[in-house]
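Q: Starting from these lines, generate the structure:
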Amino acid sequence: MRLTCPHCQFSKEVSAAKLPQEPTRVSCPQCKGSFSLPEVNMPKAQRPRINCPVCNLDQPETAACSSCGLIYARYHAAQQGGSMAPAENNPHALAEKPKAGFWLRLVALMIDGFLVFLMQVVFGVLLAFAGSSSFGLQGSTSVLVQIFSIVVSLFYWIFFTGYCGQTPGKMLLRIQVVQLNGSSLGYGKAFYREVVGKFISGIILCIGYLMAAFDDQKQALHDRMARTYVIKL
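A: So this is what the prediction gives:
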């Protein structure tokens, strides 16, 4: 196949087998101008495809999964006993661990809920005591307590999930929240999962939570939204 630069008309014969199957941009070796390569004329049905062993996405064959980022060469090396990092330090190995079921997750949720409640009570009492000792704060003490209770709850779920994927309840039951490729969430995705995702899971009569009991990957609705698993360690 002869490729011609649209900027300087420089042309070169290139084997079609060396061209990528999907459209991409390249730079002309003569004028350094950038242009798109044409898509290789191969029917999509005939293109090599691969099914990701972690997220089960069927996709055109590449070096890594376009959804979860799994690097197939590393994955197969681990399966064949090649030299890899230990499972606890290898994100892809973490993604392969068994998924935590609905009841295990429910117990962890109850433990965390109890701990959050205790924190809210303790700090709420302290705020109420501080407000009662100051005449200017008496009228707004109840509002401050409510706001602080919400802040404590959000901080608890977002901090622990974003920091290590484990709230204290999950630590006790040895389960962890990870992304589809096994890597940690970070605080941004933790906020999306714990606040936005769980809000939606809850307002639809908690059906979003119940999905974890019937899903083949044990994912609740907020897991699907944030593209996460809850795994057993």
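
Q: can you list the domains in the chain?
A: Following automatic domain parsing, one gets these domains for the chain: 2-36, 51-85, 102-232.

Q: Quick one, which of those domains gets closest to residue 96.
A: Distance to residue 96, taken as CB to CB, is lowest for domain 51-85 among these, at 6.8 Å. (Glycine included, C-beta is placed from N, CA and C.)

Q: show me where pLDDT drops low in this protein?
A: 1, 16-26, 33-47, 54-56, 66-70, 74-95, 131-139 (pLDDT under 70).

Q: Please repeat the previous calculation with a cut-off of 80.
A: 1-3, 5-10, 13-49, 51-96, 124, 127-143, 145, 181-182 (pLDDT under 80).

Q: sorry, back to before: most tightly surrounded among the domains of the chain?
A: Sort the domains of the chain by mean neighbour count, taking mean count of other CB atoms under 10 Å, and domain 102-232 sits at the top with a mean of 16.

Q: Span of that one from start to end?
A: Length of domain 102-232, first residue to last, CA to CA, to the nearest Å: 12 Å.

Q: chain center to that domain, what's the gap?
A: On the basis of CA atoms, centre = their mean, to the nearest Å, domain 102-232 is displaced by 16 Å from the centre of the chain it belongs to.

Q: Point to the residue nearest the middle of the protein.
A: Centroid-nearest residue in the chain, with CA atoms, centre = their mean: residue 179, separated by 3.3 Å.

Q: Against residue 193, how distant is it?
A: As judged by CB to CB, to the nearest Å, residue 179 and residue 193 stand 10 Å apart.

Q: got any residues that touch both of these two?
A: Common contacts of residue 179 and residue 193 (CB atoms under 8 Å, 6 or more residues apart in numbering): 185, 228.

Q: picking that back up, reformat the domains of the chain into TSV and put distance to residue 96 next to each item.
A: Listed next are the domains of the chain as TSV, based on distance: least, CB to CB, whole Å:
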stretch	distance to residue 96
domain 2-36	28
domain 51-85	7
domain 102-232	8
